[in-house]
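Q: please work out how this folds:
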Amino acid sequence: MHYAQQAAGLALISGNKNIEMCQAYILLSLYPVPAKRWEDQRSWLYLGLAIRTATDLNLHLPNTAKPLNENHAREMLNRTRVWLNCFNLDRSTGSQYGKPPIISAADYMANHSEDWWKSSPYNMKNFDIHICAYNAELRVMGGFIAKIYSDPDHPTGLNKEVDFEKISTETDEQLKRLGDKWLAILETTDMTDPQNCFRTGLLRLAYPYARLVALSYGFQHAFGKGHTNENPFLTRCMDAAFDVVNPVIYDLCRPSQRPYIRHGPEAQSVFISFASAFLVKLLQPKFSSYLPIEKRVEIRETVQKVVDVLSSKEIAIDDRHGPKLYAKFLKGLLAAPMARIDPTSPGPRTSGKARMSSLGSSGGTPEAAVDSSHHQPTGSRATSASLSPAPRQEALSFDTFAPVGATDPYASGTNSLDLHLGGAGEDALNMMSDFFQPPLPFDDAILQSMQSLSDPNVWHDTTLPSNFNWTSFQHTLDVGFGVQDQGISYSDQYMTGVQR
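A: The predicted structure follows:
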């Protein structure tokens, strides 16, 4: 990574500008070196460089020339492909970082991309179609955000006079129809292609996640403040959360596809963690009258499966890997007293040592206790760069909702997960921000080992020996693709393509 970072800086001051340079910046933004401080974080800057480079190369303009040959045709398609990826990442990554979009919503290429995936015989089979499908979802969400943030007199643009519940419900229905349309088209593609099958599964995750984000606005700003029957709206929100979680458990994370999750961008873990945290939030006593005991049991069992999947050895490389940290975070939520199946039960009274023993052996059982050491004062901050802080008991209240403007997610008094699950661009996600304080008391060695990746001394003389064999190295590290099923029963209801 040190050499990649050096090359990224050198490309700005010398050499030719080309599409490959833009693609390299995209990769650096998706797979950054972990950073503790916002001052050290470069992901958003790399994406900005990719977009600026693409604009400078006029990738945002439509191709009007007729291709001279196959190579020329493929190069023209590649220009459009890179720009659409820039647009998609601008919207999706921007929402995670709490940043406004760089590319205009009126962008011509994005708004005329619906049929681009079949515009040429040289389009990438079983690949370009997913870019267009995801682009369609992000444009709908862009329109939703524009309706919510339509007050020029508010510091963040949030319009408190609009009907949040109505707009959220309409967007939910629109995304449902759009998702069904694209999934029907994708079913006609070759589902025996493993990568096509996996990318289609990602869309089955992305569309419900967008629905949940939209519904979260209505849930945050409207639920509990009206005089109408609110149970249908709560059920709609809960169904959207389950629609995110279930395809992940029963489709995306099937054994043959877990290596893709293992080496995928962190956004995949963010999506599933947000939906799981939303479900756990519904277990608090305030919502007990809306949910029967059977549904509460289902929520706990479902989230526990997410914990098991994300922390499995086929996905989590070690205890510092993103999926493992998010699994630990969700396990802490399940162990909170307010997340019990029976909200009226006072719970067992145990000593601190017994609670530690319970956490270590229960694996997230319904009545698991929480170690009191996890509940640090709000102002305290651990020194770890972990992106998976533990919850605090006070976080399980919906009574403190407030619109959050554009803030520095790494500034004093904020937590690093706010960077990924909220911000000015996705205000609804801030409903979860109180979950993410304070951080887990991880050892400083974790941070030091991650920061060593950016230490040039570590990378001195890293030439591979001449007899290096990747196959044996892969076997030694146990990173092969022959993973074992961990006992989850995979239902055809959620499976994409051919069952493997």
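Q: switch to C-alpha atoms for all contacts and neighbour counts from now on
A: Noted.
Q: nearest residue to residue 91 in space, please, no chain neighbours.
A: Once flanking residues are discounted, residue 91 sits nearest to residue 101: 5.9 Å by C-alpha to C-alpha, 6 or more residues apart in numbering.
Q: compute the number of surrounding residues for the one you found.
A: Counted with other C-alpha atoms under 10 Å, the neighbours of residue 101 add up to 17.
Q: which phi and psi does it have?
A: Dihedral angles phi and psi of residue 101 (degrees, to the nearest 10) take the values phi -70, psi 150.
Q: in terms of pLDDT, where does it sit?
A: You'll see residue 101 listed with a pLDDT of 92.
Q: my guess is it contacts residue 94. True?
A: Yes. In this structure, residue 101 sits in contact with residue 94. The criterion is C-alpha atoms under 8 Å, and the distance is 6.2 Å.
Q: in the stretch 301-450 of the chain, where is pLDDT below threshold?
A: Confidence mapping of the stretch 301-450 of the chain against pLDDT under 70 gives the ranges 343-450.
Q: mind redoing it with 90?
A: 317-322, 336-450 (pLDDT under 90).
Q: over to the stretch 151-300 of the chain?
A: In the predicted model of the stretch 151-300 of the chain, residues 156, 158, 160, 165, 217-233, 251-256, 264-270, 284-292 satisfy pLDDT under 90.
Q: what do you get for the stretch 1-150 of the chain?
A: When residues are selected by pLDDT under 90, those of the stretch 1-150 of the chain lie in 1-15, 31-43, 64, 93-100.
Q: all helices of it, in order?
A: For the stretch 1-150 of the chain, helices defined by DSSP state H, counting those that start in this stretch occupy the ranges 2-13, 19-30, 43-56, 70-97, 108-111, 128-148.
Q: dump the third one to CSV, keeping only the CA atoms.
A: So that's helix 43-56. Output of helix 43-56 as CSV, limited to C-alpha atoms (Å, rounded to 0.1, in the frame of the first residue of the first chain):
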residue,chain,number,x,y,z
SER,A,43,-10.7,7.5,0.9
TRP,A,44,-13.0,10.4,0.1
LEU,A,45,-10.1,12.3,-1.4
TYR,A,46,-9.1,9.4,-3.6
LEU,A,47,-12.7,9.2,-4.9
GLY,A,48,-12.7,12.9,-5.6
LEU,A,49,-9.4,12.5,-7.5
ALA,A,50,-11.0,9.7,-9.5
ILE,A,51,-14.0,11.9,-10.4
ARG,A,52,-11.9,14.9,-11.3
THR,A,53,-9.6,12.8,-13.4
ALA,A,54,-12.6,11.3,-15.2
THR,A,55,-14.1,14.7,-15.8
ASP,A,56,-10.8,16.0,-17.1
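Q: please list the residues outside that helix that contact it.
A: Counting contacts by C-alpha atoms under 8 Å, 6 or more residues apart in numbering, the residues outside helix 43-56 that touch it are 17, 19, 21-26, 28-30, 32, 60, 82-83, 86, 89-90, 93-94, 97, 102.
Q: stretch 115-128: end-to-end distance?
A: Stretch 115-128 has an end-to-end distance of 10 Å (criterion: C-alpha to C-alpha, to the nearest Å).
Q: oh, that last question was meant for stretch 152-162, not what I typed.
A: From start residue to end residue, stretch 152-162 stretches across 14 Å - C-alpha to C-alpha.
Q: same question for that stretch: list its buried residues.
A: 156-159 (16 or more other C-alpha atoms under 10 Å).
Q: could you export the helices of the stretch 1-150 of the chain to JSON lines, including columns for mean neighbour count and distance to residue 194?
A: Written out in JSON lines, the entries for the helices of the stretch 1-150 of the chain read as follows (neighbours: other C-alpha atoms under 10 Å; distance: least, C-alpha to C-alpha, whole Å):
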{"stretch": "helix 2-13", "mean neighbour count": "12", "distance to residue 194": "30"}
{"stretch": "helix 19-30", "mean neighbour count": "19", "distance to residue 194": "22"}
{"stretch": "helix 43-56", "mean neighbour count": "20", "distance to residue 194": "28"}
{"stretch": "helix 70-97", "mean neighbour count": "20", "distance to residue 194": "21"}
{"stretch": "helix 108-111", "mean neighbour count": "16", "distance to residue 194": "27"}
{"stretch": "helix 128-148", "mean neighbour count": "20", "distance to residue 194": "14"}
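Q: so which of these comes closest to residue 198?
A: Shortest distance between residue 198 and the helices of the stretch 1-150 of the chain, using C-alpha to C-alpha, is found for helix 128-148: 10.6 Å.
Q: residues touching that closest one, excluding its own?
A: The set of residues external to helix 128-148 that reach it, using C-alpha under 8 Å, 6+ apart, is 81, 84-85, 87-88, 91-92, 105, 110, 113-118, 158-159, 162, 164, 167-168, 171, 174-175, 178-179, 182, 186, 199-200, 203, 206-207, 210, 214, 425-426.
Q: out of those, which are buried?
A: Using 16+ other C-alpha under 10 Å as the burial test, the contacts of helix 128-148 include 81, 84-85, 87-88, 91-92, 110, 113-114, 116-117, 158-159, 164, 167-168, 171, 175, 178-179, 182, 186, 199-200, 203, 206-207, 210, 214, 425-426 as buried.
Q: hmm, who's touching the helix or strand where residue 269 lies?
A: Assignment of secondary structure by DSSP states H and E places residue 269 within helix 267-281. Under the contact criterion C-alpha under 8 Å, 6+ apart, helix 267-281 has outside partners 205-206, 209, 212, 238, 241-242, 244-245, 248, 261, 299-300, 303, 306, 322-323, 326-327, 330, 333-334, 339, 396, 420-421, 432.
Q: so which of the residues you listed are in helices?
A: Within those, residues falling in helices by DSSP state H are 205-206, 209, 212, 238, 241-242, 244-245, 261, 299-300, 303, 306, 322-323, 326-327, 330, 333-334, 420-421.
Q: circling back to that earlier point, in the helix holding residue 269, what's buried?
A: Within helix 267-281, the residues that qualify as buried are 267-281, counting by 16+ other C-alpha under 10 Å.
Q: now, which of those sits nearest residue 126?
A: Proximity to residue 126 was ranked across the buried residues of helix 267-281 by C-alpha to C-alpha; first place goes to residue 268, at 20.2 Å.
Q: mind checking how far the closest one is from residue 133?
A: Here the criterion is C-alpha to C-alpha. By it, residue 268 lies 17 Å from residue 133.
Q: next, the contact list for the residue nearest to residue 158 when sequence neighbours are not counted, please.
A: Of all residues beyond its chain neighbours, the one nearest residue 158 is residue 149 (4.2 Å), with distances taken as C-alpha to C-alpha, 6+ apart. Residue 149 sits next to 156-159 when contact means C-alpha under 8 Å, 6+ apart.
Q: in TSV: the residues you listed, plus secondary structure and distance to residue 252.
A: Supplementary listing: the contacts of residue 149 in TSV, determined by DSSP: H, G, I helix; E, B strand; the rest coil; distance: C-alpha to C-alpha, whole Å:
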residue	secondary structure	distance to residue 252
156	coil	36
157	coil	37
158	coil	35
159	coil	37
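Q: which of those residues lies closest to residue 254?
A: Within the contacts of residue 149, the smallest distance to residue 254 is 40.4 Å, found for residue 158 (C-alpha to C-alpha).
Q: verify the contact between the closest one and residue 150 for me.
A: Yes. Taking C-alpha under 8 Å as the contact criterion, residue 158 and residue 150 are neighbours in contact, 6.2 Å apart.
Q: could you look up the SS state of residue 160?
A: Reducing the assignment at residue 160 to three states with DSSP: H, G, I helix; E, B strand; the rest coil gives coil.
Q: any idea how far residue 150 is from it?
A: Distance check for residue 160 against residue 150: by C-alpha to C-alpha, it reads 9 Å.
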